[in-house]
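A.B. asks: Sequence and predicted structure, then a few things I'm wondering about:
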Amino acid sequence: MALIVQKYGGTSVADPDRMRAVAENIAFTKRHGNDVVVVPSAMGKSTDNLIKLANDVSKTQPGREMDMLITTGERISMALLCMALADLGIEAKSFTGSQAGIVTDTAHGKAKIIEVKGDRVREALADGKVCVVAGFQGISTDKEITSLGRGGSDTTAVALAAALNADSCEIYTDVTGVFTADPRIVPQARKLQHVNFDEMLEMAGAGSKVLALRSVEFARNHHVPIHVRSAFTWEHGTWVTSQEPNMEDPIISGVVTDTSEAKVTVVAVPDRPGISAALFEPLAAANVNVDMIVQNTSHDGTTDISFTMPKADFAAAESIVAQVAGEIGAAGVEHDADISKLSLVGAGMKTSPGIAAKMFRTLADEGVNIQMISTSTIRISVVIAVADLERATRSLHTAFGLDSGQAYSAPLPERK
């Protein structure tokens, strides 16, 4: 008997018909001899609607109260899903994040999981029940309800899978797997059968919305195989595991796009020790996630510092950067929201020289100007104008043979 954790996204449980279809799939898994833990997201746009409601009611939104509000969506889903399972003759029991023993830090809105106790879930599994655990939430060390931020239900599912020593974690979503590029931008994008954890981490960090970054980190650290698949077709999707690519796999696994970031430039910063710390320490304290950073060569004792961050954090960061710029004697602050990040990801980069040169030449031939560059051993990211993104993505996808090349052909892990 295998233990399988299944996570269902908001579109997968968006209405009563979808909820019943999900219940049928859970029942199918249970009747084939598996123990099942289910993590549902809030129905459809429920969380967005709750945030809008909060905005309509009040301009003052304490983090504690916002978490109390927005975590209700997942609790609605878990209760309805248990009811749908009862109609199918499947015993199920729902748990909030706190009831499941998901302990987090105290950062409301972006809490991180510290520990998953899971005692009540284990007891229910031992009684033969399907356990339905509300995603996206936990209880802090101060005994307050917390939300886990974007992709929090993915993180809940993988964290539960790790704590319960599950055989696999199935992430059901509105796409059929991980693709070589966003199919809405590149119609020739192909579904990958297998992606290595390190590649998936880079893809998630570069802006891929298929899996949340923290969920992949959990999976890699605790060796939890993830199966990304569609809740609409139920077909086999993409396995994300620790299995390393082989020599016959493509050098580049995917082209990842991200339009969720903005660029900030602090102009004419005095070039002396401590300036960067003075700028980025207050941003870190405000929980602003800075991504790419570029500091220009010093001229006449000053330099420009540019960095990117999520547009969602811009309101919190704007006043901080303006205040710090004044304190350190910078000439001013510039903002650019019309940027995008474009990344190549592939484990084959480690042993294949010339990838960056080919990328830059391809973009140059398309007349695409590169504003910033960032690299890792298996990723190259550039910041370009958002107006150039689609053309640049399609050209790179073609240039690196992903239009007609074979997707990963590594064997799928056997489903127990």
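C.D. replies: Now that the structure is in, tell me what you want to look at.
A.B. asks: count of neighbours near Glu217?
C.D. replies: Neighbour count of Glu217, defined by other CB atoms under 10 Å: 17. Placement of C-beta: from N, CA and C, glycine included.
A.B. asks: what do you get for His194?
C.D. replies: His194 - counted by other CB under 10 Å - has 22 other residues nearby.
A.B. asks: you'd agree it is up against Thr238?
C.D. replies: Yes - between His194 and Thr238 there is a contact at 6.8 Å, judged by CB atoms under 8 Å.
A.B. asks: What residue, apart from its backbone neighbours, is nearest Asp365 spatially?
C.D. replies: Ser395 (7.6 Å; CB to CB, 6 or more residues apart in numbering).
A.B. asks: Contacts only, for the one you found.
C.D. replies: By CB atoms under 8 Å, 6 or more residues apart in numbering, Ser395 lies in contact with Thr362, Leu363, Asp365, Glu366.
A.B. asks: which one of the residues you listed has the most neighbours?
C.D. replies: Ranked by neighbour count (other CB under 10 Å), the contacts of Ser395 have Leu363 at the top, with 21 neighbours.
A.B. asks: Can you tell me how far the residue of the chain most remote from its centre is from Ala330?
C.D. replies: The C-alpha centroid of the chain is most remote from Asp300, which lies 41.9 Å away (CA atoms, centre = their mean). The gap separating Asp300 from Ala330 is 14 Å, by CB to CB, to the nearest Å.
A.B. asks: repeat for Glu24
C.D. replies: From Glu24 to Ala330 the distance is 60 Å (CB to CB).
A.B. asks: Could you pull out the helices in the stretch 51-200 of the chain for me?
C.D. replies: 63-70, 72-87, 119-126, 152-163, 197-206 (DSSP state H, counting those that start in this stretch).
A.B. asks: what does the average pLDDT come to for the third one?
C.D. replies: It refers to helix 119-126. Average pLDDT, helix 119-126: 98.
A.B. asks: ok, now the second one?
C.D. replies: For helix 72-87, mean pLDDT rounds to 98.
A.B. asks: can you list contacts of it?
C.D. replies: Helix 72-87 has contacts (CB under 8 Å, 6+ apart) with 13, 19-20, 22-23, 26-27, 38, 40-43, 46-47, 50, 91-97, 130, 132-137, 153.
A.B. asks: which ones among the residues you listed are found in strands?
C.D. replies: With strands identified by DSSP state E, the entries of the contacts of helix 72-87 that belong to them are Val38, Pro40, Ala92, Lys93, Ser94, Phe95, Val130, Val132, Val133, Gln137.
A.B. asks: Please tell me I have it right and the second one contacts Val13.
C.D. replies: Right, Pro40. Yes - counting by CB under 8 Å, Pro40 does reach Val13; the two are 5.3 Å apart.
A.B. asks: Give the residues shared as contacts by these two.
C.D. replies: Common neighbours of Pro40 and Val13 are listed as Val22, Ser77, Leu81 (criterion: CB under 8 Å, 6+ apart).
A.B. asks: so what's the residue lying closest to the second one once chain neighbours are set aside up against?
C.D. replies: Think Ser77. Using CB to CB, 6+ apart and skipping the chain neighbours, the partner closest in space to Ser77 is Pro40 (4.0 Å). Residues counted as contacts of Pro40 (CB under 8 Å, 6+ apart) are 7-8, 12-13, 22, 74, 77-78, 81, 132, 134-135, 153.
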